[in-house]
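1. starting from these lines, generate the structure:
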Amino acid sequence: MASWHHWQRTQGDRVRVVRLEKWFALRFAELVEFVAANRSEANLTATALNMSVTCKMSALVLATQSQLPEPLDESQDLRPQAAPPFPGPSAWSPRAALQIAVLGSFVGVGESEFTTQYTKDRLGITAPQRAGLRLCNVTVALFANTVLVRVLRDCMTVKLQVVLCCVVGVVSHVLYMIARSATAIYPANLVGAFGVLIGVYVNTLNANVAVASGLPLGAMMGLFSTASQLGILIGPPIFSSIFIVSMKDIFWGHPFPQLAFCVGLLVNLINMKLLLGIPEAAYEGKKPIPSEVAQDPRDPASPTRPTSLP
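-> Sure, this is the predicted structure:
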């Protein structure tokens, strides 16, 4: 019974998160359109309109994904009156973890390569400034993986940590999109410290899913590594191609170099949706017993099995 109530709370939280994501995406799109309507500069107006289109695309993707059926556990009873089991790590199979590994490496490496060219060509950032940004990135990553991860672990649950890192990581993308100088990029790098921690949770998730799947751990981790390498290989050329196309006057007659960041934001929202859809037990490595097994009086290991009186 407790697992049924937990499942209901999980489903309710999932619906509320999806609604909140769509609401923010649509409200931001409306704000961008309002700003575009009140600007006299044609280039800024075209940029704002493209950002609005990207936000609405994000809302459409989130709305579509929210209608997808939940993955089924092997132990789930498909009878109409049967209560759904507790959604443990095995209910999500390695497929979701593989998708997260591919998308995460695709965006991370692709945007890293693209950002260097973007800041050089569009913002006029010099080599010493790029070295300063690189030093800032390294410092932030060290702080996140040594201090911040411990602070978050003592303050909140794993699922809330993932939510916080995903949301702040999306904010860093928006800061990159609206940056007009090197000075404006430093806050985006500092905020990106939370985004760095996503890799910690993804690696933990991969290991836990590999163990829960029952397959050899080495084979599963090798599969996840191959998926990550696939994202690393295809990320840079795709983002570079998007950047080259965005420099043409094909968006309302003006270039839109921020298009690659918009694509990265869209992929990050999809990755965020996958991360938030995974139950917290998968991040913590727990493998709960399905309710129908735990409550079977014929099972000798069942805690509800009646004991004989002396």
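2. torsion angles phi and psi at Lys248?
-> Lys248 adopts backbone torsions of phi -80, psi 160, taken as degrees, to the nearest 10.
3. quick one, what contacts the spatially closest residue to it that is not a sequence neighbour?
-> Leaving aside its sequence neighbours, Lys248 sits nearest to Pro255 (Cβ to Cβ, 6 or more residues apart in numbering; 6.5 Å). All C-beta spots, glycine's among them, are computed from the backbone N, C-alpha and C. Shown in contact with Pro255 (Cβ atoms under 8 Å, 6 or more residues apart in numbering): Ser246, Met247, Lys248, Asp249.
4. can I get those in JSON lines including secondary structure?
-> Output for the contacts of Pro255, formatted as JSON lines (DSSP: H, G, I helix; E, B strand; the rest coil):
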{"residue": "Ser246", "secondary structure": "helix"}
{"residue": "Met247", "secondary structure": "coil"}
{"residue": "Lys248", "secondary structure": "coil"}
{"residue": "Asp249", "secondary structure": "coil"}
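5. list the contacts for Gln229?
-> Contacts of Gln229 (Cβ under 8 Å, 6+ apart): Ser105.
6. check the gap between it and Ala184 for me.
-> 33 Å (Cβ to Cβ, to the nearest Å).
7. could you do Phe106 as well?
-> Taking Cβ to Cβ as the measure, Phe106 falls 25 Å from Ala184.
8. what do you get for Pro255?
-> Distance from Pro255 to Ala184, by Cβ to Cβ: 19 Å.
9. so which of the contacts of Pro255 is the most crowded?
-> Ser246 (20 neighbours; other Cβ atoms under 10 Å).
10. pLDDT wise, what is it at?
-> Per-residue confidence (pLDDT) for Ser246: 76.
11. what's the neighbour count on the closest residue to it other than its chain neighbours?
-> Excluding the flanking residues, the one nearest Ser246 by Cβ to Cβ, 6+ apart is Leu259, at 3.8 Å. By other Cβ under 10 Å, the residues close to Leu259 number 22.
12. do Glu280 as well
-> 15.
13. how about it, what does it touch?
-> Each residue near Glu280 by Cβ under 8 Å, 6+ apart is listed here: Thr157, Val158, Lys159.
14. which of the residues you listed are buried? Put it as a ChimeraX command.
-> Burial among the contacts of Glu280 is assessed by 16 or more other Cβ atoms under 10 Å; the matching ChimeraX selection reads:
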select :158,159
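15. just the ones of the contacts of Glu280 in helices?
-> Members of the contacts of Glu280 lying in helices (criterion: DSSP state H): Val158, Lys159.
16. separation between His173 and Ala210?
-> Using Cβ to Cβ, one gets 30 Å for the distance from His173 to Ala210.
17. would you list the contacts of Glu280 in JSON lines and tack on distance to Val196 and pLDDT?
-> Formatted as JSON lines, these follow (distance: Cβ to Cβ, whole Å; pLDDT from 0 to 100):
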{"residue": "Thr157", "distance to Val196": "20", "pLDDT": "81"}
{"residue": "Val158", "distance to Val196": "16", "pLDDT": "80"}
{"residue": "Lys159", "distance to Val196": "18", "pLDDT": "80"}
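18. just the contacts of Glu280 now: which is nearest Ala131?
-> Minimum distance to Ala131 across the contacts of Glu280 is 35.6 Å, recorded for Val158 (Cβ to Cβ).
19. got a list of what the closest residue to that closest one other than its chain neighbours touches?
-> In space, Val158 comes closest to Tyr283 once its chain neighbours are excluded; the distance is 4.3 Å by Cβ to Cβ, 6+ apart. With contacts defined as Cβ under 8 Å, 6+ apart, Tyr283 is in contact with Val158, Lys159, Val162, Tyr201, Thr204, Leu205, Asn208.
20. any idea how far Tyr283 is from Leu233?
-> Taken as Cβ to Cβ, the span from Tyr283 to Leu233 is 27 Å.
21. go on, Ala281?
-> Using Cβ to Cβ, we find Ala281 at a distance of 33 Å from Leu233.
22. the two: which is more packed in?
-> Each of Ala281 and Leu233 has its neighbours counted (other Cβ under 10 Å); Ala281 has more, 23 against 13.
23. next one: the more buried one from Asn206, what distance?
-> From Ala281 across to Asn206, the span is 15 Å (Cβ to Cβ).
24. list the helices and strands the helix or strand Asn271 falls within packs on?
-> Applying DSSP states H and E as the criterion places Asn271 in helix 259-277. Judged by 3 or more Cβ pairs under 8 Å, 6 or more residues apart in numbering; DSSP states H and E, the packing partners of helix 259-277 are helix 2-37, helix 42-66, helix 93-121, helix 158-178, helix 198-213, helix 217-246.
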